[in-house]
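*Asks:* Dropping the sequence and predicted coords here.
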Amino acid sequence: MAILIDDPRWPAHGRLWSHLVSDSDLAELHAFARRHDLPVRSFDLDHYDVPDAAFDRLVAGGAQHVSGHELVRRLIASGLRVTARERRGR
């Protein structure tokens, strides 16, 4: 089981953002997020959106830094991935 984070490269709201995911279950992801004071509102169905200012702190706290491609590959393999079609349906 691992918590994964990709590079902060996604622009929004005047800053860059990373994605934080679990490669095994959402309970693990939510527990990690709580321990690191991530707001509940930053959860987006299968990941947390994390501002660039939090990246180093989360890696130091145990998140494994991976490429965006690797993060998506492992999220899909976990069965936790929410597809674009599923997002539209919610």
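*Replies:* Ah, there it is. Residues are numbered from 1 along each chain as shown.

*Asks:* Mind telling me what element the residue nearest to the spatial centre of the chain is part of?
*Replies:* In the chain, the residue lying closest to the centroid (C-alpha atoms, centre = their mean) is Leu20, at 1.6 Å. Using DSSP states H and E, the element containing Leu20 is strand 15-22.

*Asks:* Pull out the buried positions in that strand.
*Replies:* 16-22 (16 or more other C-beta atoms under 10 Å). Heads up, the C-betas are built off the backbone N, CA and C, glycines and all.

*Asks:* any chance you could map the helices in the protein?
*Replies:* 26-35, 55-60, 68-78, 84-88 (DSSP state H).

*Asks:* To Asp44, which of those helices lies closest?
*Replies:* helix 84-88 (8.5 Å; C-beta to C-beta).

*Asks:* Going by contacts, tell me the helices and strands next to the closest one.
*Replies:* Packed against helix 84-88 by the contact rule (3 or more C-beta pairs under 8 Å, 6 or more residues apart in numbering; DSSP states H and E) you find no helix or strand.

*Asks:* quick check: mean pLDDT across that helix?
*Replies:* Averaging pLDDT along helix 84-88 yields 83.
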